[in-house]
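J.: I would like to see how this sequence folds:
(one chain, ligands or ions: 1)
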Amino acid sequence: MWRGLLLKGTTCLQQVSAQSFLRQRHFSSQCFRPLTCRFLHKLREIPCIPKLKGTDHFLSHNLIRNYKKDAKSTVEFPLSPITVTDIKQYLRSKDIPFHDGYSCLHIPSIFINPSTRKDSFSLFIDKTTGQFLCKDTLVEGSWEDLQDCLEVMQKDEEDSLSPRVLLGYPEILEEQEERERELREVQGIWSSSVPLTDLQDEEAQLIKTMYQITKISNATLKRFGVRLFKPTKCLVFPWFGGPDSSLKGIKLLSAQRIDAEKVTYNEATVPKSSSYFNLFGLPLVSRMDSEVVVTGSELDALAVSQGTGLPSVALPRGASCLPPALLPYLEQFKRVTLWLGGDIRSWEASKIFSRKLGLRRCTLVRPGEFHPCPLEALSQGKNLSRILKASIPAAHKSIVSFKQLREDVYGELMNTDQVAGVKWTRFPELTRILKGHRKGELTVFTGPTGSGKTTFISELALDLCMQGVNTLWGSFEINNVRLAKIMLTQFAMQRLEENLEQYDFWADKFEELPLYFMTFHGQQNIKTVLDTMQHAVYLYDINHVIIDNLQFMMGQENLSVDKFAVQDHIIGVFRKFATNNSCHVTLIIHPRKEEDDRELQTASIFGSAKASQEADNVLILQEKKLVTCPGRRSLQVTKNRFDGDVGIFPLDFIKSSLTFSTPIKGKLKLRKVTAKPENKEEVQEKGNDVTLKKDEGKKEKATKTAKASQAVKSPVNGSGKAK
Ligand SMILES: Nc1ncnc2c1ncn2[C@@H]1O[C@H](COP(=O)(O)OP(=O)(O)OP(=O)(O)O)[C@@H](O)[C@H]1O
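T.: You can find the predicted model right below:
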C-alpha cells in the first residue's frame, strides 16, 4: 500500500500522516525471530547436539521459543528468568573473559575469528534479559541461543562459529520476501531523493522554513546525510548500519500546513517502526568518543551536533521508548546526556531511560522556558553547551533540600497542564475530574458483577493507548482474543462482524498501537505476574498496566488468613510496583459486598483504611437498578489524590460499538461545588447538572458525595435521554 501510494507521488504525504497518527508505536520481539529460525536449521545439522541434550527436548525447546516469539504483542514470563549473577557464573565456568558494562556484559565475539577481531569485546549480553548482540556481525539472539552456541563451540573445540553459516540459512520465505520488498522500497526512495545541499537556494530556503531548520547549516545537513524526497517534500533521514555501513532503512518526515499559523509534522519509517532500530547519527560517532547527547528527534540531533560539537544520536521512536536492542551501541559512552524534548513527557521518559542506561553515567536536561527542545533552542539563539552544562545527574540522593527541589517545583507550576497527564478524548468528564492519566499512580476500579467493568476499562485504556501510552493488559478472566475483539470493536466504533471487508483496514491500524497482552489466564501467582510486568516495562517502556482482576491473584495466597487482608496486601504490592517503575497500574477489583438497593462506595472495596490509602484514584462503575432506568450506568470518582476533585457522571452504552459515550453537551454540564458546607441541601440540583466537588480525603465526605451526587443524578437518569 505504501509503495503504491508512493509511486503516485503527492498522495504519499497523506499516507505518511495516516501511518504516523501516532508517533509512538510498539516494538515487537520480531527482531529475534529470524535468528532463532536460522539457529534451528543450523543446529539440526550439527551432529553433536543430540549428544549434548536430548534432540527432541532440544528442538521442542527451540520450537517453543520460536513459536512464542511469533505471537505478536504478547508478553510472557521468561522461560528461564536469569540474573546478571547467573550470566557471570556461566561465563566464568566457560573461562570466557568479560567486561562489566553499564547495561551489558561485553565478551569477545564468538562469531569472529580471534585473529581478525577489530574490537576484542564486541559481543554484548543484556544484563537484564540475557539477549545478546555481536556488533561486528549483527548476530543476535536469546541467552539460551548464546549458551547453545558456546556448548557447540566447546564440543567442536572451535575458535569461532561462522556467522556466515548462521546467516546463510534461508529465513521463512514470507519474511525474506518482506525484507527484500522493504529494502527495494528503501533504496527506491533513497535514490530518488536529493541531498538538501544540492537544492537551489530558493527551494532550499523554502524547505528549511517549512521544517523550521533555517538555523541548521548546510554542512550539518550534509554530514548527517539528510535528503529531500521531492514529490512529497518529505525530509529523508537515512539509517546506515552493520559492518558494511549499508543503508538499512529510512525515516520520512512530512510537514502539513493546517492553517496560517499551524503546521503539523508526521513521520513514517521503512521498515515499519517495530523493526526500525536506528540510532540516527551513530555512524558519525568515533570509537574513541566517551560522551554523547541522546535526543528525541533527528532534527534535534542535528541541532545539538551543530550547537555543541558533541556527538549526538536520536532515538528511533523519540521519548516513547528506548528498545533494549539499542543499548549495546551506547555502551562505549562514559557520559550520556538525555535531552529528549522540551516537555514534561520527555522529561519523565528521560528519567526512566536513564535507569536502563545506568543512572551514574546519565545527566538529564530539565525542560522548561529556558530549556526548550534542542532545535528550538538553536532557533532562539540559545547557548546549547550552556544548557548541557546545566543538566542534572540522574542518580538522585535519598535526602534532598528544597534548593535541589525548587527547579522541579517551578517546572510543575509552569506546566500544570502537562503535569496533569494524558487527557481522555472519549471521556472529557473524567478528564475534568481526574485532570489526566499520570505515570506512577494506582487506580482501583470496581463495580457490580457483570456491570461492564472490563468493557469500560478497555475503552478507557484504548483511549490512552491511541495517544501513545504504552499499555500492557493482564486479563485473567477473559482470554486475549476476546479482549482484543472488544478493543478492536471500540477502536473501529462499529460491529465488525457485519463489515468483515473492513477487518484488515482496522486491524492494520490497531496493530500499530503500543499495546501488549500478558498471556496468563485463570489463577496466577502474584510474583509471576509482577516479574512479567517488570520484564515488559524494561522491554517496551510500558506506562500503563491493567489487571483484570485482582481476585485472580488471590487463589494461591494462604487463604487461612483473612481474605481481605490478602487483598489489601496485593494492592500494596501493586502500589509499590507503580511507584518504583513510574508506571500507572489500574486494578479491577470485585466489590466485597453488593447490596441491591445501595450504591457502592470506597469502603465496599477495601479491607482496611490502609489499603484505600494506597490507591491514588478510586473509580466506581455504578449501576442503577431501579425500575425507571434499569441498567443505567454512571462513573463515580470517589478518590483523586492529584487534586482532590471527585464527582460522578452518567455513561451511555452503545452496544454495537461496545463503547460508553458521554451525553451530548448542553444536556449535561459539569458543575463545581465548593467543598466546605457539605450537606445535601447545599448541593443544588440544577436541571441535569452533575456535581464535581473537592474531596478532602475523608471517607465520611466521600460517602456524602456519593449520596449528594446520587441526589442530583436521578433527574439525569430519570430523563431517560441516553444520547
Ligand atoms: N452498560 C451496559 N449495558 C448493557 N450491557 C453491557 C453494558 N456494559 C457492558 N455490557 C455487556 O455486559 C457483558 C459483561 O460485561 P463485562 O465483562 O465488561 O462486565 P464485568 O463487570 O467486567 O463482569 P465481571 O463482573 O464478570 O468481571 C458484556 O457482554 C458487555 O458487552
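
J.: who does the helix or strand harbouring Ile125 pair up with?
T.: Using DSSP states H and E, Ile125 falls within strand 123-126. Take DSSP bridges as the rule and strand 123-126 pairs in its sheet with strand 104-107 (antiparallel), strand 132-134 (antiparallel).

J.: Let me see the mean pLDDT of the last one.
T.: So that's strand 132-134. The average pLDDT within strand 132-134 is 91.

J.: any idea which element Val537 lies in?
T.: Using DSSP H and E, Val537 maps to helix 526-540.

J.: before we move on, the earlier item: next one: the strand holding Ile125 to chain centre, how far?
T.: 23 Å (CA atoms, centre = their mean, to the nearest Å).

J.: and if you look at stretch 100-117?
T.: Between the centre of stretch 100-117 and the centre of its chain there are 30 Å (CA atoms, centre = their mean).

J.: Stretch 280-297 now?
T.: On CA atoms, centre = their mean, the centre of stretch 280-297 falls 24 Å from the chain's centre.

J.: OK, now which residue of this protein is nearest to the ligand?
T.: Taking CB to the nearest ligand atom, the ligand has its nearest neighbour within the chain at Gly452, 2.5 Å off. In this view, the C-beta of every residue, glycine as well, is placed from N, C-alpha and C.

J.: Please read off the pLDDT at that residue from the model.
T.: Reported pLDDT for Gly452: 92.

J.: for the one 4 residues further on, same thing?
T.: At Phe456 the predicted local confidence, pLDDT, stands at 96.

J.: and the helix or strand in which it is found, C-alpha only, in PDB?
T.: Phe456 belongs to helix 453-465 when assigned by DSSP H and E. What follows is helix 453-465, C-alpha atoms only, in PDB (Å, rounded to 0.1, in the frame of the first residue of the first chain):
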ATOM      1  CA  LYS A 453     -16.100  -3.200  34.100                       C
ATOM      2  CA  THR A 454     -13.900  -4.900  31.600                       C
ATOM      3  CA  THR A 455     -15.700  -3.300  28.700                       C
ATOM      4  CA  PHE A 456     -15.400   0.200  30.200                       C
ATOM      5  CA  ILE A 457     -11.800   0.000  31.300                       C
ATOM      6  CA  SER A 458     -11.000  -1.500  27.900                       C
ATOM      7  CA  GLU A 459     -12.200   1.700  26.200                       C
ATOM      8  CA  LEU A 460     -10.600   3.900  28.800                       C
ATOM      9  CA  ALA A 461      -7.200   2.300  28.300                       C
ATOM     10  CA  LEU A 462      -7.600   2.200  24.500                       C
ATOM     11  CA  ASP A 463      -8.200   6.000  24.500                       C
ATOM     12  CA  LEU A 464      -4.900   6.500  26.200                       C
ATOM     13  CA  CYS A 465      -3.100   3.900  24.100                       C
END
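
J.: What's the end-to-end length of stretch 206-223?
T.: 21 Å (CA to CA, to the nearest Å).

J.: Within the helices and strands, which one has the closest residue to Glu459 other than its chain neighbours?
T.: Distances taken as CB to CB, 6 or more residues apart in numbering put Gln490 closest to Glu459, at 4.9 Å, once the chain neighbours are dropped. Counting by DSSP H and E, the element that carries Gln490 is helix 480-492.

J.: coming back round to it: and the residue of the chain closest to the ligand, how many neighbours?
T.: Summarising burial for Gly452: neighbours were counted as other CB atoms under 10 Å, giving 19.

J.: got the contact list for it?
T.: Neighbouring residues of Gly452 by CB atoms under 8 Å, 6 or more residues apart in numbering: Leu621, Arg633, Phe653, Phe660.

J.: which pair in those residues spans the largest distance?
T.: Of all pairs drawn from these, the greatest distance, 10.8 Å, lies between Leu621 and Phe653 (CB to CB).

J.: quick one: which of these two has more around it?
T.: Applying other CB under 10 Å to Leu621 and Phe653 shows that Leu621 carries more neighbours, namely 22 against 16.

J.: Just confirm the more buried one is within a strand.
T.: Yes. The assignment for Leu621, made by DSSP: H, G, I helix; E, B strand; the rest coil, places it in a strand.

J.: Now Tyr276: closest residue in space, sequence neighbours ignored.
T.: In space, Tyr276 is closest to Thr269, 4.2 Å off (CB to CB, 6+ apart).

J.: my guess is that neighbour contacts Pro316, does it?
T.: Yes. The criterion here is CB atoms under 8 Å, and Thr269 meets it with Pro316 at 7.3 Å.

J.: residues shared between the contacts of these two?
T.: Counting by CB under 8 Å, 6+ apart, the contacts common to Thr269 and Pro316 are Lys251, Tyr276.

J.: Flag every residue of this protein that's near the ligand.
T.: 447, 449-455, 477, 631, 633, 653, 658 (CB under 6 Å from any ligand atom).

J.: any shared contact partners between Leu621 and Phe653?
T.: Gly452, Arg633.

J.: Let me know whether Val585 touches Val545 as I believe.
T.: Yes. Using CB under 8 Å, Val585 is in contact with Val545, at 5.0 Å.

J.: For Asn383, list the residues it contacts.
T.: Asn383 makes contact with Gly307, according to CB under 8 Å, 6+ apart.

J.: In terms of pLDDT, where does the spatially most central residue of the chain sit?
T.: Nearest to the mean C-alpha position of the chain, by CA atoms, centre = their mean, lies Asn470 at 2.9 Å. With respect to pLDDT, Asn470 scores 95.

J.: if I read this right, Phe476 contacts Leu550, doesn't it?
T.: No. Using CB under 8 Å, Phe476 makes no contact with Leu550, being 9.1 Å away.

J.: beta partners of Asn640?
T.: Asn617.

J.: quick one on the thing from earlier: tell me the two of the residues of the chain next to the ligand that are most distant?
T.: Glu477 and Gly631 (20.9 Å).

J.: Which of those two has more residues huddled nearby?
T.: Applying other CB under 10 Å to Glu477 and Gly631 shows that Glu477 carries more neighbours, namely 15 against 10.

J.: Secondary structure element for the more buried one, which one?
T.: Going by DSSP H and E, Glu477 is not part of any helix or strand.

J.: Equivalent analysis for Trp473, please.
T.: strand 471-475.

J.: in stretch 136-151, what counts as buried?
T.: Using 16 or more other CB atoms under 10 Å as the test for burial, stretch 136-151 gives 136-137, 139-150.

J.: export that stretch as CSV, just CAs?
T.: The C-alpha coordinates for stretch 136-151 follow below in CSV (Å, rounded to 0.1, in the frame of the first residue of the first chain):
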residue,chain,number,x,y,z
ASP,A,136,30.6,-7.0,14.3
THR,A,137,28.3,-9.5,12.6
LEU,A,138,24.9,-8.3,13.8
VAL,A,139,24.2,-11.9,15.0
GLU,A,140,21.7,-11.6,17.8
GLY,A,141,19.6,-13.9,19.9
SER,A,142,18.5,-15.0,23.4
TRP,A,143,20.6,-16.1,26.3
GLU,A,144,19.7,-19.7,25.6
ASP,A,145,20.8,-19.3,22.0
LEU,A,146,24.2,-18.0,23.2
GLN,A,147,24.6,-20.8,25.6
ASP,A,148,23.9,-23.3,22.9
CYS,A,149,26.5,-21.7,20.6
LEU,A,150,29.1,-21.9,23.4
GLU,A,151,28.3,-25.5,24.0
